[in-house]
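Visitor: coords please:
(2 chains)
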Number of protein chains: 2
Amino acid sequence: MGKYFDYNATTPVAQKVLEAMLPYFSIRYGNPSSQHKPGKEAALAVKKAREAIADCLKVNPDELVFTSSGTEANNTAIKVVAYAAKHRGCHLITTLSEHHSVLNTMRELENEGFEVTYLPLENSGVVNLDALKRALRDDTVMVSIMAVNNETGVIQPLKETGRILGDKPVVFHSDMVQALGKTPLDLSGWRVDLASFSAHKIYGPKGMGLLYAKRGIQLWPIIHGGSQENRRRAGTENVPSIIGFSSAVRRILANREEVWAKQAEARDRLENFLRQVHPALIVNGEAAKRVNNTSNFIIPGVNGKRLVSDLSKIGYYIASGAACASKQTEPSHVLLAMGIKPELALGAVRISLGIDISVSEIKKLGSVISDCAK
Amino acid sequence: MGKYFDYNATTPVAQKVLEAMLPYFSIRYGNPSSQHKPGKEAALAVKKAREAIADCLKVNPDELVFTSSGTEANNTAIKVVAYAAKHRGCHLITTLSEHHSVLNTMRELENEGFEVTYLPLENSGVVNLDALKRALRDDTVMVSIMAVNNETGVIQPLKETGRILGDKPVVFHSDMVQALGKTPLDLSGWRVDLASFSAHKIYGPKGMGLLYAKRGIQLWPIIHGGSQENRRRAGTENVPSIIGFSSAVRRILANREEVWAKQAEARDRLENFLRQVHPALIVNGEAAKRVNNTSNFIIPGVNGKRLVSDLSKIGYYIASGAACASKQTEPSHVLLAMGIKPELALGAVRISLGIDISVSEIKKLGSVISDCAK
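Guide: Residues are numbered from 1 along each chain as shown, chains lettered A, B, ... in the order given. Coordinates of the predicted model:
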C-alpha cells in the first residue's frame, strides 16, 4: 500500500493474525451461546483467547470484556462509572488531550448534568499533575487519562497519577489504545481500575476492542440484550475478531524492545534530517517521553493537510492528526492544549511507524517531505 | 460442521462473502477517515457497500447506519427515540415475544422512568393488534415489533401495524434481524421508521449490524466519539465486515423464492414425519404465517435441552430456543406468551434451515430426533 506511515490511524491485519481468524468465519462458525458442540467449541475458543490476552496484560480473564471498538470501551468505562456514582458525586476529571471517544463522552455527561474538569497540559504535552491535585474534590468519582497520545506519541505519567489518587475513592480509567505494544504497561502497579484497548491499532481486525475492569469495579452493559460477556456486554460474540485480537496482542508484545529500538533510530533519523533542512522545525512533544513510533512536527509555513495530500499523490501516506478528526478544518485540540498557536498548529503532520522498519524508506520519506515542503 | 440445523442462531460466512472481505484485512486496510489515498479508498468501499445494501432494501444510503450488531441497532433505535421524545411522552409499546436486545432495553428504560406496554400474543404467536389499538395513547412515542420471531419463525403483521399507526406521531421500529432473506420486506410500504439487521444471520460476519432510519428520523450516537457514520455512530468503521455485509445481503436476496420453496418442503416433510411418529407433536406457531426455514416444536414428555444435547453427541445440531438465552433454565418467554404451559414449553426445540437443503439430511434428522425422543 505505497509507503504507509500512518500506523497510529490503523494497521493491516498481520498474516498470522488473519490465519488465526480464518477458520472461525466459515468452519468453526458456532454461536458461543449455543448449547451444541459447535457452540461450545466457539465458547471455548473465546475463553482461551480471553485467557491469552489476560496473560499478556497480567490480569485475570474475568477482568476483560470484549467490545466492538476502543471507542465503545471508553464509552462503557466512563458512562458506567459516572452513572453508578451519581448518588455520591458528579465530578469527573480528564485531560484536554484525550481522544474524541473520551472527550465527547464527557461532553455528553456534561449535557446530562455531570461536571467535568479538563486538565491542562504542559507545553511538552504532558498532563499537568499539579492541576490534577488541585482538581480532585470530595465528589470526584473518576479520573480518565490516556496512556499515550495518538497524535504526538507523548506518554502520560500514569504511575504518578495512580500515586496521587492513592486510596481516594476515585476510579482511574486510562485509554490505552495507542499504548499497547508501544510502551511498557503495568495495570496493577499503576493503580489503574479501567483500561481501553483496540485491535486494529496492533495489526488486529477493525471492529474489536477490549475493556479491562479490575475486580471490584462493577460493570454493566451500555448495550442491553443477551447475557454475553458475563452480562457486561450484549450481542453475539465476534468470534473471529476475538481470536484475531488475541493473536495480535501476543504478536505485538513479542520482541518489542528490539522493535522499539529500531523505531527510535528511524524516528530520530527522520527528525534530525528534517531539522537540518528546515532549522525552524518544531517537533511536538519532543521535550516529553514519547513512544518511539510517532513523530508529530510542524515545518513553519507548510500546511499540514496540503502536505498530506501532496505526499499521498506520490504514494507516501502520512496524517495531519487523528484520523477520526481528519475531516475537520480546525487545528488539533491536542496541539492547542500544548500552547501551540492555531495557525502554526495547522501545519502539523504525524508520522507513525509500524513494526517493520526500512532505513532506506525512512530516508526517502525525509527527502520527499522536505521536497514537498519547499 | 456435522449436520447443522441452527441457522437462526448463526450462519457460516459464505465463501463469496469471505472472498469479498479478505482484501480489506491486510491489503486495503486504510482507515476511512484518513485523508490519504488508502483512507479515501476505504471510505469509497464503505460508500459503495452502503449503496448496494440501500439498493437491496429499496431505501436511501443515507438512511443506513452500520453498527456492531443487531443488538446495538435495536438499542440505538429504541434509546434514541425514547430519549428524544421524553419531553413529549414516556410511553413505549412492544410485544412479549421480542428478542432480549429489545426487551432488556425496554426494561432499562422502565428503570429510567419510561412506561412500557408489552403486547400479548395470540396462541398462534401473532401479536394481538386489538391490544395494540387499545394500548396507543397520546403520550405513546414508539412501537417496536419484530418482523419475524427468532424462536418460532412466526411473521408479525407489520403492514397492519403500520396501518393502525397511520399518521399518529408514533415512531415505528422493527427488529428485522430474523426476517431479512426469509420473507419479503417492504420498509416504506409498511410505514416502518426504524429497522434493525444483522450480518451473521445471513451468511455474513459476526460483529456487524445495521440500523435503517427513515429520513426525518433524527438519530444520534449512543456511542460517542469521532464523526463516523455521519455523526450517528462513533468508532473506526469495520471495513471488512461492512464489505462482507453488503455481499451477504445481495447473496441472500438472490433466488430467494426458490430457496423458500425448498425450505418449506423440507420443513413440512420434517413436521409431517414427526407427527406421524409422535401424534401428540405440537408445532409452535403452526396456525400463523411462518418463515419457511424455522420449525419450533414440542414432543410432549421430551425435554428440549436434553434432546439438543443428545443430538449434539451424534453430530446433529439444533437448538432449544434462542441461542443468547440457551443457558437459562426457564422456559422460553415467547412460548409462554403464546399460552403454552411452562412444563410443556421446556420441551421445545428449534430447527432452523440454511439456504442449502438436502432432502436426505432432513429425512435423517427426522429419524434421529424421533429415535432420541424415545
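Visitor: and the residue nearest the centre of chain A, what are its phi and psi?
Guide: Per CA atoms, centre = their mean, the C-alpha nearest to the average position across chain A is that of A:V177, at 2.2 Å. Here is the backbone geometry of A:V177 (degrees, to the nearest 10): phi -50, psi -40.
Visitor: list the contacts of the closest residue to it other than its chain neighbours.
Guide: Leaving aside its chain neighbours, A:V177 sits nearest to A:G70 (4.1 Å; criterion: CB to CB, 6 or more residues apart in numbering or on different chains). The C-beta positions use only the backbone N, C-alpha and C, and glycine is treated the same way. By CB atoms under 8 Å, 6 or more residues apart in numbering or on different chains, the contact list for A:G70 reads A:99, A:101, A:175, A:177, A:196-198, A:201, A:209, B:235.
Visitor: can you pull out the strands in the stretch 51-200 of chain A?
Guide: Here the stretch 51-200 of chain A has its strands, by DSSP state E, counting those that start in this stretch, at A:64-67, A:91-95, A:115-119, A:140-144, A:171-175, A:194-198.
Visitor: of these, which stretch is the most buried?
Guide: Of the strands of the stretch 51-200 of chain A, the one with the most neighbours on average (mean count of other CB atoms under 10 Å in any protein chain shown) is strand A:194-198, at a mean of 29.
Visitor: whichever helix or strand comes after it packs against which elements?
Guide: The first helix or strand that comes after strand A:194-198 along the chain, using DSSP states H and E, is strand A:209-213. Where contact means 3 or more CB pairs under 8 Å, 6 or more residues apart in numbering or on different chains; DSSP states H and E, strand A:209-213 is packed against strand A:64-67, helix A:70-84, strand A:194-198.
Visitor: in its sheet, which strands sit next to strand A:209-213, and in what direction?
Guide: strand A:64-67 (antiparallel), strand A:194-198 (antiparallel) (DSSP bridges).
Visitor: buried residues in stretch A:249-260?
Guide: Buried residues in stretch A:249-260, counted by 16 or more other CB atoms under 10 Å in any protein chain shown: A:249-252, A:259-260.
Visitor: can you get me the start-to-end distance on that stretch?
Guide: Distance between the boundary residues of stretch A:249-260 (CA to CA, to the nearest Å) amounts to 16 Å.
Visitor: how about it, does it reach chain B?
Guide: No: residues of stretch A:249-260 are not located near chain B by CB under 8 Å from any CB of the partner chain, the shortest gap being 13.4 Å.
Visitor: would you map the strands across the stretch 201-350 of chain A?
Guide: Going by DSSP E, counting those that start in this stretch, the stretch 201-350 of chain A shows strands at A:209-213, A:282-283, A:294-298, A:316-317, A:348-352.
Visitor: now those in JSON lines, with mean pLDDT and mean neighbour count?
Guide: Shown next, in JSON lines, are these (pLDDT from 0 to 100; neighbours: other CB atoms under 10 Å in any protein chain shown):
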{"stretch": "strand A:209-213", "mean pLDDT": "98", "mean neighbour count": "27"}
{"stretch": "strand A:282-283", "mean pLDDT": "98", "mean neighbour count": "18"}
{"stretch": "strand A:294-298", "mean pLDDT": "98", "mean neighbour count": "25"}
{"stretch": "strand A:316-317", "mean pLDDT": "96", "mean neighbour count": "23"}
{"stretch": "strand A:348-352", "mean pLDDT": "97", "mean neighbour count": "26"}
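Visitor: dump those to JSON lines, plus distance to B:I355.
Guide: Formatted as JSON lines, the strands of the stretch 201-350 of chain A follow (distance: least, CB to CB, whole Å):
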{"stretch": "strand A:209-213", "distance to B:I355": "32"}
{"stretch": "strand A:282-283", "distance to B:I355": "57"}
{"stretch": "strand A:294-298", "distance to B:I355": "48"}
{"stretch": "strand A:316-317", "distance to B:I355": "41"}
{"stretch": "strand A:348-352", "distance to B:I355": "44"}
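Visitor: once you drop chain neighbours, what's closest to A:G166?
Guide: A:R191 (7.8 Å).
Visitor: residue contacts, the one you found?
Guide: With CB under 8 Å, 6+ apart, A:R191 has these contacts: A:162-163, A:165-166, A:172.
Visitor: got a list of what A:I145 touches?
Guide: A:94-95, A:98, A:119, A:127, A:156, A:158, A:161, A:172-174.
Visitor: from A:S124, how far off is it?
Guide: Separation of A:I145 from A:S124 (CB to CB, to the nearest Å) stands at 15 Å.
Visitor: do A:G235 as well
Guide: Taking CB to CB, one finds A:G235 at 41 Å from A:S124.
Visitor: between the two, who's got more neighbours?
Guide: A:G235 (30 against 17; other CB atoms under 10 Å in any protein chain shown).
Visitor: thought the more buried one was touching B:S69?
Guide: Yes: the criterion here is CB atoms under 8 Å, and A:G235 meets it with B:S69 at 3.8 Å.
Visitor: overlap of the contact sets of the two?
Guide: Common neighbours of A:G235 and B:S69 (CB under 8 Å, 6+ apart) are A:68, A:223.
Visitor: got a pLDDT number for A:A322?
Guide: Note for A:A322: predicted pLDDT of 74.
Visitor: quick one, what contacts it?
Guide: Counting by CB under 8 Å, 6+ apart, A:A322 has contacts A:9, A:99-100, A:150-151, A:332, A:334, B:226.
Visitor: re earlier: okay, the contacts of A:G70 in TSV with distance to B:S370 next?
Guide: Shown next, in TSV, are the contacts of A:G70 (distance: CB to CB, whole Å):
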residue	distance to B:S370
A:H99	58
A:S101	54
A:D175	56
A:V177	54
A:S196	52
A:F197	50
A:S198	50
A:K201	53
A:G209	46
B:G235	48
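Visitor: picking up where we left off before, nearest to chain B among the contacts of A:I145?
Guide: A:E98 (10.4 Å; CB to the nearest CB).
Visitor: could you list the domains of chain A?
Guide: Listed by automatic domain parsing, the domain ranges of chain A are A:3-11+A:255-373, A:15-253.
Visitor: just checking the distance from stretch A:184-202 to the centre of its chain.
Guide: Chain-centre distance of stretch A:184-202: 9 Å, with CA atoms, centre = their mean, to the nearest Å.
Visitor: apologies, that question was intended for stretch A:292-310.
Guide: So, by CA atoms, centre = their mean, the centroid of stretch A:292-310 is 21 Å from its chain's centroid.
Visitor: and it, does that touch chain B?
Guide: Yes: residues of stretch A:292-310 are located near chain B by CB under 8 Å from any CB, namely A:305, A:308-309.
Visitor: show me which of these are buried.
Guide: Using 16+ other CB under 10 Å, the buried ones in the residues of stretch A:292-310 next to chain B are A:305, A:308.
Visitor: quick one: which of the residues of stretch A:292-310 next to chain B is nearest chain B?
Guide: Out of the residues of stretch A:292-310 next to chain B, the member with the shortest distance to chain B (by CB to the nearest CB) is A:V308, at 5.6 Å.
Visitor: which residues touch that closest one?
Guide: A:318-320, A:349, B:35-36 are the contacts of A:V308 under CB under 8 Å, 6+ apart.
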